[in-house]
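S.K.: Quick one: sequence plus predicted model below, questions after.
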Amino acid sequence: MEISIDKLRTTAYALLSHLEQSGITSVTISENYSWDVLADQRYDRYDEPREHTIGQLSDDLQELERMIDGHRPMVRYGLVWLAAILRRIGEVANR
């Protein structure tokens with residue numbers, strides 16, 4: 001499967017615009033920690049994950065903010081941090 005970055009950008013913009021048009025301009029996330037399966041196990045559907053880690057959404061957001069304000073260089077791993085936050089926003093906004 002190949003995914004166009006331009007299509008992802010367009011989709012993300014459309015979904016965030018949809019939230020705003022629905023009257024949602026911010027989302028309160030009361031949870032901070034979440035379980036995460038290690039990347040090399042996450043996509044192996046034949047073996048049940050044996051290990052997991054704990055992620056912290058506030059750390060993810062802080063690292064994203066540091067990249068945006070120039071206090072740390074942009075890193076591709078920032079997409080992982082953003083994904084964790086977007087996942088929770090989608091879950092909370094869907095309630």
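M.R.: Nice, I can see it.
S.K.: what are the ranges of the strands in this structure?
M.R.: 33-37, 52-56 (DSSP state E).
S.K.: Present those strands as CSV; the columns should include mean neighbour count and distance to L86.
M.R.: For every residue, glycine as well, the C-beta is placed using N, CA and C. Below are the strands of the chain laid out as CSV (neighbours: other CB atoms under 10 Å; distance: least, CB to CB, whole Å):
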stretch, mean neighbour count, distance to L86
strand 33-37, 13, 13
strand 52-56, 11, 13
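S.K.: Switch those strands over to CSV; also include mean pLDDT and distance to V80.
M.R.: Formatted as CSV, the strands of the chain follow (pLDDT from 0 to 100; distance: least, CB to CB, whole Å):
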stretch, mean pLDDT, distance to V80
strand 33-37, 94, 9
strand 52-56, 94, 9
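S.K.: Dump these into JSON lines; add distance to G90 as well.
M.R.: Putting these into JSON lines (distance: least, CB to CB, whole Å) gives the following:
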{"stretch": "strand 33-37", "distance to G90": "13"}
{"stretch": "strand 52-56", "distance to G90": "16"}
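S.K.: Kindly state which of those is positioned closest to A84.
M.R.: Relative to A84, the nearest member of these by CB to CB is strand 52-56, separated by 5.7 Å.
S.K.: Can you tell me what sits against that closest one?
M.R.: Strand 52-56 has contacts (CB atoms under 8 Å, 6 or more residues apart in numbering) with 32-38, 84.
S.K.: Where does pLDDT dip in the protein?
M.R.: Under the criterion pLDDT under 70, no range of the chain is flagged.
S.K.: can you give me the helices in it?
M.R.: According to DSSP state H, the chain carries its helices in the segments 5-21, 39-42, 57-68, 78-93.
S.K.: Next one: the spatially most central residue of the chain relative to L15, how far apart?
M.R.: For the chain, the residue nearest the mean C-alpha position is A83 (1.6 Å; CA atoms, centre = their mean). Per CB to CB, to the nearest Å, A83 is found 13 Å from L15.
S.K.: Nice, that's everything, thank you.
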